[in-house]
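[1] Would you be able to build a 3D model of this:
(one chain, ligands or ions: 1)
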Amino acid sequence: MKLVLAIIHNDDSAIASSALTADGFFVTKLSTTGGFLQVGNTTLLIGTEDERVDELVAILKKYCSKHKTTVPSQNSLGKGLRPDGIRSEITVGGATYFILNVDDMGKF
Ligand code: 2BA
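    Take a look at the predicted model:
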């Protein structure tokens, strides 16, 4: 048995935990904060059988991969939502995960 700790972006947490749950994984979501940026992120705790870890990581990759998006740049402040507003491209998402061996697990 393994315990997977996955630190993911808050925006990806709902879809990632829904996809994991739909695939039969048991998931606990924690609201956490990155020590460097001091910005909120989400840590998922997932206990699973050893042979399902690859499947779990594939789901995280599918829903939490780094991708580019655009946001209004500072230069567009005061110009409202005009379609010709100046936008900047930023990278969001991504996951950091740890896989720990579990000696025992129980429920009662
Ligand atoms: P990432 O490396 O993608 O890490 C994203 C978040 O994942 C981190 O948020 C932290 O909450 C968690 N994390 C990553 N590696 C970890 C580890 N080895 N142990 C425990 N938690 C871990 P932040 O701490 O706010 O970091 C945000 C981003 O700032 C990082 O993105 C990295 O690009 C940069 N960063 C973090 N620490 C740094 C440092 N000491 N020096 C330079 N850059 C750093």
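
[2] interface residues of this structure facing the ligand?
    Contact residues, the chain versus the ligand (Cβ under 6 Å from any ligand atom): 7, 34, 35, 36, 37, 39, 41, 94, 96. C-betas here are computed from N, CA, C, even on glycine.

[3] what's the closest of those residues to the ligand?
    Nearest to the ligand out of the residues of the chain next to the ligand is residue 34 (Cβ to the nearest ligand atom; 2.1 Å).

[4] Show me where the protein has its strands.
    For the chain, applying DSSP state E gives strands covering 2-8, 26-33, 40-48, 67-72, 87-92, 95-101.

[5] Give me the buried subset of the residues of the chain next to the ligand.
    Among those, those buried by neighbour count (16 or more other Cβ atoms under 10 Å) are 7, 41.

[6] export the residues of the chain next to the ligand to TSV and tack on pLDDT and distance to residue 21?
    Output for the residues of the chain next to the ligand, formatted as TSV (pLDDT from 0 to 100; distance: Cβ to Cβ, whole Å):
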residue	pLDDT	distance to residue 21
7	98	18
34	94	25
35	94	28
36	93	30
37	89	28
39	91	25
41	96	19
94	94	21
96	97	21
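
[7] so where's this protein uncertain?
    74-85 (pLDDT under 70).

[8] what's across from the closest residue to residue 30 other than its chain neighbours in the sheet?
    The spatial neighbour of residue 30 that comes closest, neighbours along the chain excluded (Cβ to Cβ, 6 or more residues apart in numbering), is residue 43 at 4.4 Å. Beta bridges link residue 43 to residue 7, residue 30, judged by DSSP bridges.

[9] separation between residue 43 and residue 61?
    17 Å (Cβ to Cβ, to the nearest Å).
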